[in-house]
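Q: Predicted coordinates and the sequence they were generated for:
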Amino acid sequence: MKRIAEFEKVSFAAFSGSCAEMALCADNPDAERVYQQIRLPLRATQGSAGYDFFLPFALALAPGESCSIPTGVRVQIQPGWVLMIYPKSGLGFRYRLQLDNTVGIVDSDYYEADNEGHIIVRITNDSKSEKSLSLEAGKAFAQGVFVEFGITQSDAVKGERSGGFGSTGV
């Protein structure tokens with residue numbers, strides 16, 4: 001196995017700012033406690049490809065509802081690698097839990113973005129059987145897999161990232 005990345009927490013300012021933008025725990029006096037309890041992603045077993053991402057707070061989604069989740073996590077990745085984020089498979093099977101962008105892509109240069117490379121995951125409970133989803137704080141809800149990638153022979157890109165979501169295109 002290649003060791004190509006390292007997870008760390010974003011600053012409290014970045015975390016609370018993201019919460020404020022999403023009207024979550026912004027003015028909550030427990031925001032500092034929530035931040036202190038953020039867990040960095042972990043693999044569940046030696047054979048696991050995915051690193052589990054954990055909810056920083058409890059979450060309830062009725063069928064059709066969506067929520068953006070500020071994970072409080074960033075990742076430093078070696079060039080030539082990307083972190084791909086998916087819903088936990090069990091939640092996908094039981095609730096049709098989906099990421100709103102299908103697969104989250106965290107590029108190696110996202111680490112230095114204006115938002116500190118804060119990984120925010122937007123999910124939807126797409127249950128067709130009217131199942132509501134309730135998850136406790138600290139529960140794994142998504143998983144990230146590191147994937148090596150290549151570029152074309154003629155690639156000559158010179159651009160550099162400055163912003164966060166959508167800063168390299170749409």
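A: Nice, thanks for sending it over. Predicted, not measured: the structure shown is a model, and the values here were computed from it. Residues are numbered from 1 along each chain as shown.
Q: in the longest helix seen in the chain, what counts as buried?
A: The longest helix of the chain (DSSP state H) is helix 12-21. Under the neighbour-count criterion of 16 or more other C-beta atoms under 10 Å, helix 12-21 has Ala14, Phe15, Ser16, Gly17, Ser18, Cys19 buried. In short, each C-beta sits where N, CA and C put it, glycine included.
Q: Throw those into CSV and include distance to Gly104 and pLDDT, thanks.
A: Formatted as CSV, the buried residues of helix 12-21 follow (distance: C-beta to C-beta, whole Å; pLDDT from 0 to 100):
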residue, distance to Gly104, pLDDT
Ala14, 18, 93
Phe15, 18, 93
Ser16, 22, 88
Gly17, 20, 86
Ser18, 15, 86
Cys19, 19, 83
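Q: returning to that earlier point: who are the packing partners of the longest helix of the chain?
A: Other elements packing on helix 12-21 under the criterion 3 or more C-beta pairs under 8 Å, 6 or more residues apart in numbering; DSSP states H and E are helix 31-36, strand 66-70.
Q: Can you tell me which of these is most buried?
A: strand 66-70 (a mean of 19; mean count of other C-beta atoms under 10 Å).
Q: List the neighbouring strands of that strand plus their orientation.
A: strand 120-125 (antiparallel) (DSSP bridges).
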